[in-house]
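A.B. asks: sequence first, then the predicted structure, then my questions.
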Amino acid sequence: MDLVYRPRRLRRTAPIRGLVRETELSPRQLIYPLFVTEGKSVRDHIDSMPGQFRLSTDELVRECEELYALGVGAVNLFGYSEEKDELATKSYDSDGLVQRAIRTIKSAVPDLCVQTDVALDPYTTHGHDGLVIDGEIVNDESVEVLCKMALSHAEAGADWIAPSDMMDGRIGAIRNALDVQGFSQVGILAYSAKYASSFYGPFRGALQSAPKSGNKKTYQMDPANIREALKEIALDLEEGADVVMIKPALCYLDVISRVREAFDAPVAAYNVSGEYAMVVAAAEKGWVDRDSAMMEMLLSIRRAGADMILTYFAKDAAALLRADYGSFR
Ligand code: PBG
């Protein structure tokens with residue numbers, strides 16, 4: 001054979017493959033979602049997400065110290081609240097679970113970027129991300145509560161607020177509320193294109209936050225749509241989002257890639273609980289190798305165009321990357 005091009009020449013040895021590798025994964029690009037619970041010395045294992053825990057604040061601090069030492073980019077806090085009501089009043093309590101956790105982490109590991117989830121579902125009896133009035137998930141009334149919640153997190157010292165609720169106009173309203181109160185330095189990581197996905201199941205188990213009735217399709221997006229995602233992203237950027245997010249990640253790599261091409265803003269992707277649980281479950285059965293499947297997924301999300309990835313694999317991946325995994329494969 002007389003071939004001019006032999007692509008295999010560039011795959012011949014690990015160092016050569018390293019020279020031509022196009023995508024890099026680094027701990028600084030990873031964001032670790034963490035679940036906060038009341039109590040002391042609590043490490044409550046989450047059955048639907050093997051290897052993940054609901055942590056009391058003291059345990060959370062230890063975890064954050066380790067994550068910071070590993071070079072993980074940020075943590076993203078979710079509250080596991082047992083005090084739920086119709087109006088999500090605990091969501092904006094200045095002495096609430098997440099608010100206390102932010103203060104504790106910030107005093108122990110001040111340089112770690114602390115992000116907080118803003119949505120009502122962990123705090124409502126009905127499990128929806130907004131308020132329900134006469135059987136309807138109302139928009140503007142919900143946004144008012146979300147603003148209070150965001151402010152309480154900013155007051156506690158959060159670096160970034162991450163609204164995951166998908167109400168219309170909440171990014172602009174939260175930006176304005178923060179600015180008026182003097183928190184113009186607090187960033188907004190907007191869940192802009194969040195799809196009504198079946199891959200949130202294990203997370204809802206972790207927070208006991210599954211909707212008691214109906215589903216989330218009147219606010220989360222239809223998995224069939226991509227033009228609508230571009231519209232949502234454009235709106236959130238106009239309203240003042242600093243970073244836009246696509247969620248979930250793996251079924252939506254095309255969306256990540258289109259958004260990356262169409263906008264200059266930093267792009268985040270959420271490698272959600274169901275995506276995590278599938279790998280962990282298959283690995284437990286011996287059907288896939290946990291570490292290499294994890295790395296392949298995270299690398300694919302980066303290759304599609306995400307600058308940063310929220311992932312339950314953040315700690316494990318960071319530890320492997322620091323051990324120089326991948327540079328000589
Ligand atoms: C709710 C919220 C969800 C997730 C993050 N914030 C679930 C939902 O919308 O029902 C899912 C995260 C995951 O599955 O890992 N505001």
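C.D. replies: Yep, it's here.

A.B. asks: buried set for the least confident helix or strand in the chain by mean pLDDT?
C.D. replies: Least confident helix or strand, the chain: helix 201-207 with a mean of 91, by mean pLDDT, DSSP states H and E. Counting neighbours by 16 or more other C-beta atoms under 10 Å, one finds that the buried residues in helix 201-207 are 202, 203, 204, 205, 206, 207. C-beta: built from backbone N, CA, C; applies to glycine.

A.B. asks: the ligand next: which of the residues you listed are close?
C.D. replies: Residues of the buried residues of helix 201-207 in contact with the ligand (C-beta under 6 Å from any ligand atom): 203, 204.

A.B. asks: could you point out the helix or strand that follows the least confident helix or strand of the chain?
C.D. replies: As assigned by DSSP states H and E, the chain's next helix or strand after helix 201-207 is helix 227-238.

A.B. asks: do you know how far the nearest residue to residue 52 once chain neighbours are set aside is from residue 222?
C.D. replies: Spatial nearest neighbour of residue 52, excluding adjacent residues (C-beta to C-beta, 6 or more residues apart in numbering): residue 46 at 4.7 Å. As judged by C-beta to C-beta, to the nearest Å, residue 46 and residue 222 stand 29 Å apart.

A.B. asks: picking that back up, verify the contact between the residue nearest to residue 52 and residue 55 for me.
C.D. replies: No: applying C-beta atoms under 8 Å as the test, residue 46 and residue 55 come out as separate, 10.4 Å apart.

A.B. asks: now do the shared contacts for the two.
C.D. replies: residue 35 (C-beta atoms under 8 Å, 6 or more residues apart in numbering).

A.B. asks: the more surrounded of those two?
C.D. replies: More neighbours surround residue 55 than the other of residue 46 and residue 55, with 23 against 20 (other C-beta atoms under 10 Å).

A.B. asks: who's in contact with the more buried one?
C.D. replies: So, once contact is read as C-beta under 8 Å, 6+ apart, residue 55 ends up touching 34, 35, 36, 37, 42, 43, 44, 63.

A.B. asks: one more time with 7 Å
C.D. replies: 34, 35, 36, 37, 42, 43, 63 (C-beta atoms under 7 Å, 6 or more residues apart in numbering).

A.B. asks: quick one, what contacts the fifth one?
C.D. replies: So that's residue 42. 54, 55, 56, 59.

A.B. asks: filter the residues you listed down to the ones in strands?
C.D. replies: Of the contacts of residue 42, the ones assigned to strands by DSSP state E are 54, 55.

A.B. asks: format the contacts of residue 42 as JSON lines; extra columns: pLDDT and distance to the ligand.
C.D. replies: Converted to JSON lines, the contacts of residue 42 look like this (pLDDT from 0 to 100; distance: C-beta to the nearest ligand atom, whole Å):
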{"residue": "54", "pLDDT": "97", "distance to the ligand": "14"}
{"residue": "55", "pLDDT": "98", "distance to the ligand": "16"}
{"residue": "56", "pLDDT": "98", "distance to the ligand": "21"}
{"residue": "59", "pLDDT": "98", "distance to the ligand": "20"}
